[in-house]
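Participant: need a structure here:
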Amino acid sequence: MATATDDTLTKVSTEGATEFVQSFYVALQSNRPSIELYYAAQPTTILFNGNQVADGAAVQEIFTNQMPTAKYEAQSFDCQIINRAYPSITPNGPKPPSEMTVKDMSILVMVSGHVRYGDGSDLPQRGFSETFVLIPNPTSDKGKRRKEWLIQSQNFRLVV
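Facilitator: Below you'll find the predicted structure:
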């Protein structure tokens, strides 16, 4: 990979975080059967209010079969590049350095907002804070609508 400028890396990470936040919370609200597609095959840690969840399939099962409807409002988010050259693993093994792009990085994304559980608009809002580590999707293909970034780690906490 040719050395990318800090501005380029910041732009790519910000666009990735924006796209992720704008689609992930919509999926939690109205497309719960797609939730598993947001997760890497083996995330390191998924926590919801201090309770560990096994993987993306388990998160999808919780939201599909156990959680009431929910309205998420991400009020703010920020991101930080963790690793500028994340070691992506493709189906053929590690991606050689010559094939790496500016999207081969890991990103920390911090989100805060409100969530309302249930169908009524008069129900109370609860504040939440959520932190993600996103990694590049080695099988990303925009033409097939696969996610460019996948959740490797997630920590959700209701705050009020």
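Participant: Which pLDDT value belongs to residue 32?
Facilitator: Per-residue pLDDT puts residue 32 at 96.
Participant: what does residue 143 give?
Facilitator: pLDDT, residue 143: 50.
Participant: Same question for the one 10 residues further on.
Facilitator: Residue 153 carries a pLDDT value of 97.
Participant: need the longest helix for this protein.
Facilitator: helix 6-30 (DSSP state H).
Participant: looking at this protein, which helix or strand does the model trust least?
Facilitator: Least confident element among the helices and strands of the chain, by mean pLDDT, DSSP states H and E: strand 89-90 (a mean of 74).
Participant: Now do the contacts for residue 33.
Facilitator: 60, 64 (Cβ atoms under 8 Å, 6 or more residues apart in numbering). Glycine gets a C-beta too; all of them are placed from N, C-alpha and C.
Participant: quick one: it from residue 150, how far?
Facilitator: 17 Å (Cβ to Cβ, to the nearest Å).
Participant: before we move on, what about residue 160?
Facilitator: Going from residue 160 to residue 150 by Cβ to Cβ gives 30 Å.
Participant: Between those two, tell me which one has more neighbours.
Facilitator: residue 150 (23 against 8; other Cβ atoms under 10 Å).
Participant: how would you label that one: helix, strand or coil?
Facilitator: strand (DSSP: H, G, I helix; E, B strand; the rest coil).
Participant: Assign a three-state SS to residue 42, would you?
Facilitator: With three-state DSSP as the basis, residue 42 sits in coil.
Participant: Perfect, that will be all.
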